[in-house]
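Trainee: Compute the structure for the input listed below.
(4 chains)
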There are 2 protein chains.
Amino acid sequence: MQAAFALYGERGFEQTTVAEIAERAGLTERTFFRHFADKREVLFAGADALQELLVRTVANAPETLTPIEAAAAGLQAAGALIQEGGELPRQRQDIIAASAELRERELIKLATLAAALADALRGRGVEDPAASLTAEAAIAVFKVAFERWVKDTGRQDLPRVIQASLDELQALAAAG
Amino acid sequence: MQAAFALYGERGFEQTTVAEIAERAGLTERTFFRHFADKREVLFAGADALQELLVRTVANAPETLTPIEAAAAGLQAAGALIQEGGELPRQRQDIIAASAELRERELIKLATLAAALADALRGRGVEDPAASLTAEAAIAVFKVAFERWVKDTGRQDLPRVIQASLDELQALAAAG
DNA sequence: TGCTTGATGACAGGGACTGCCATCAGCGTA
DNA sequence: TACGCTGATGGCAGTCCCTGTCATCAAGCA
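Mentor: Predicted structure coming up:
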């Protein structure tokens, strides 16, 4: 992982071969593919933990919360976890933004997150399509908020940016 | 395109080689790659036209419409265009749903659509992050509505499903 | 007739990924 | 201690996606 991160950062994702990563890590190419399903997956190793936290937070949120509030609680928790990574998430995002292939992979991770969130909402008794809609909209808010947070040089609080984005979307929905 | 569609449908996307597609089409592999950037792109040839229609509809919508209403108009137009395809969109979606690679590609097409929609909204004077949020939420609504429409055996009207989904999200937002 | 242009074929090659078998260290057990 | 098991790794062959390059060839035009 460290070797891959370094090389992707230095010369870009597409310009890095798996053989080079393996060499820097002191392993063979074959061993790399035993640890990671493919060349991109290295950058998304933490996605499972994030999803688990999101789902758990939503499941354990007070019953009195509306679907959107429950989803929001999950997003905040996820945002807080990301923020713990310090500068790493931003570096990671730079690498991803520079490669179409990696952006594809990121999107499917977010879609998986949305599906898991919808599941968690259904677990709270939310019916479809409300569960799917809430989940997809929540992930959309997360996307926009995260993007803003990454670009932001002032190091704002990510959970706060998420909440602000959600509030703004609700205002737009009310006006539209 | 016809050869690819047929083969992807018959034996699945991953189990089809480009050589086979080329052979059935009476061409060489090299020629295939002159027409399509990669093996997946065959299934997304109509994406450009869809995006252009979406953007044009939003740009030409009455100035009095709110951002969400303008976005909704664009989605409706896109939905109507898809519906013209008859059974093809559903077959296409079956193929895509069966392959993780293809789902990735579809997601990036939707993300591109969202970016274009956000641009169109900015062209109407909508500021960021309102433009991005509206666009992402709109595409989320489109995703859910399209999915429901594809699964639906009663052949509902796609624009109508889109409108219903949007209404439901607005109700959820108001309640949350 | 000769020239240009666009589409295609042919070929070599790089790089991602997989399947298969060999090796080898650690570890429990007789 | 010797033995066997297991999990991680190396090595290697092979498939397939995709690209660069050059040759060919038909269509249109001067």
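
Trainee: which residue sits closest to the residue most central in space within chain A, ignoring its sequence neighbours?
Mentor: By CA atoms, centre = their mean, chain A has its centre lying nearest to residue A:110, at 5.8 Å. Nearest residue to residue A:110, sequence neighbours excluded (CB to CB, 6 or more residues apart in numbering or on different chains): residue A:139, at 5.5 Å. Yep, even glycine has a C-beta here, placed from its N, CA and C like the rest.

Trainee: which helices and strands does the helix or strand hosting residue A:94 pack with?
Mentor: Assessed by DSSP states H and E, residue A:94 sits inside helix A:88-97. Packing contacts for helix A:88-97, counted by 3 or more CB pairs under 8 Å, 6 or more residues apart in numbering or on different chains; DSSP states H and E, involve helix A:2-11, helix A:100-123, helix A:130-151.

Trainee: Out of those, indicate the one that is most buried.
Mentor: Mean neighbour counts were compared across the helices and strands packed on helix A:88-97 using mean count of other CB atoms under 10 Å in any protein chain shown; the top stretch is helix A:130-151, at a mean of 24.

Trainee: closest to residue B:3 out of the helices and strands packed on helix A:88-97?
Mentor: Residue B:3 sits nearest to helix A:100-123 of all the helices and strands packed on helix A:88-97, at 24.8 Å, using CB to CB.

Trainee: Output the contacting helices and strands for the closest one.
Mentor: For helix A:100-123, the packing partners by 3+ CB pairs under 8 Å, 6+ apart come out as helix A:47-60, helix A:67-84, helix A:88-97, helix A:130-151, helix B:100-123.

Trainee: Switch those over to JSON lines; also include mean pLDDT and distance to DNA strand D.
Mentor: Conversion of the helices and strands packed on helix A:100-123 to JSON lines gives the following (pLDDT from 0 to 100; distance: least, CB to the nearest atom of the strand, whole Å):
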{"stretch": "helix A:47-60", "mean pLDDT": "97", "distance to DNA strand D": "17"}
{"stretch": "helix A:67-84", "mean pLDDT": "97", "distance to DNA strand D": "26"}
{"stretch": "helix A:88-97", "mean pLDDT": "96", "distance to DNA strand D": "19"}
{"stretch": "helix A:130-151", "mean pLDDT": "97", "distance to DNA strand D": "26"}
{"stretch": "helix B:100-123", "mean pLDDT": "98", "distance to DNA strand D": "9"}
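
Trainee: so residue A:89 touches residue A:147, yeah?
Mentor: No. Proximity of residue A:89 to residue A:147 does not meet the contact threshold set by CB atoms under 8 Å, at 11.8 Å.

Trainee: Within range of chain B, give me the residues from chain A.
Mentor: Contact residues (CB under 8 Å from any CB of the partner chain) of chain A with chain B: A:66-69, A:72, A:100, A:103-105, A:107-108, A:111, A:129-130, A:132-134, A:136-137, A:139-141, A:143-144, A:147-148, A:165, A:168-170, A:172-176.

Trainee: Next, the contact list for the residue nearest to the centre of chain A, please.
Mentor: A:139, A:142, A:143 (CB atoms under 8 Å, 6 or more residues apart in numbering or on different chains).

Trainee: if I look at the second one, how far off is DNA strand C?
Mentor: Counting by CB to the nearest atom of the strand, to the nearest Å, the gap from residue A:142 to DNA strand C is 26 Å.

Trainee: can you check the first one too?
Mentor: When distance is defined by CB to the nearest atom of the strand, residue A:139 is 25 Å away from DNA strand C.

Trainee: what's that residue in contact with, if anything?
Mentor: Applying CB under 8 Å, 6+ apart, the residues near residue A:139 are A:110, A:111, A:113, A:114, A:117, B:140.

Trainee: and if we set it to 7 Å?
Mentor: Each residue near residue A:139 by CB atoms under 7 Å, 6 or more residues apart in numbering or on different chains is listed here: A:110, A:113, A:114, A:117.

Trainee: Next one: stretch A:26-38, is it in contact with DNA strand D?
Mentor: Yes. Stretch A:26-38 is in contact with DNA strand D by CB under 7 Å from any atom of the strand, via A:26, A:27, A:28, A:30, A:31, A:34, A:35.

Trainee: Out of the residues you listed, name the ones that lie in helices.
Mentor: Among the residues of stretch A:26-38 next to DNA strand D, the ones falling in helices (DSSP state H) are A:30, A:31, A:34, A:35.

Trainee: which residues touch the second one?
Mentor: Residues near residue A:31 by CB under 7 Å, 6+ apart: residue A:22.

Trainee: Now residue A:23: which helix or strand?
Mentor: With DSSP H and E as the test, residue A:23 turns up in helix A:18-25.

Trainee: Only the buried residues of that helix, if you could.
Mentor: A:18, A:21, A:22, A:25 (16 or more other CB atoms under 10 Å in any protein chain shown).

Trainee: next one: stretch A:58-73
Mentor: For stretch A:58-73, using 16+ other CB under 10 Å, the buried residues are A:58, A:61, A:67, A:68, A:70, A:71, A:72, A:73.

Trainee: Roughly how far does the closest residue to the last one other than its chain neighbours sit from chain B?
Mentor: Pointing back at residue A:73 there. If the residues on either side of it in the chain are set aside, residue A:73 comes closest to residue A:61, at 4.7 Å by CB to CB, 6+ apart. According to CB to the nearest CB, to the nearest Å, residue A:61 and chain B sit 13 Å apart.
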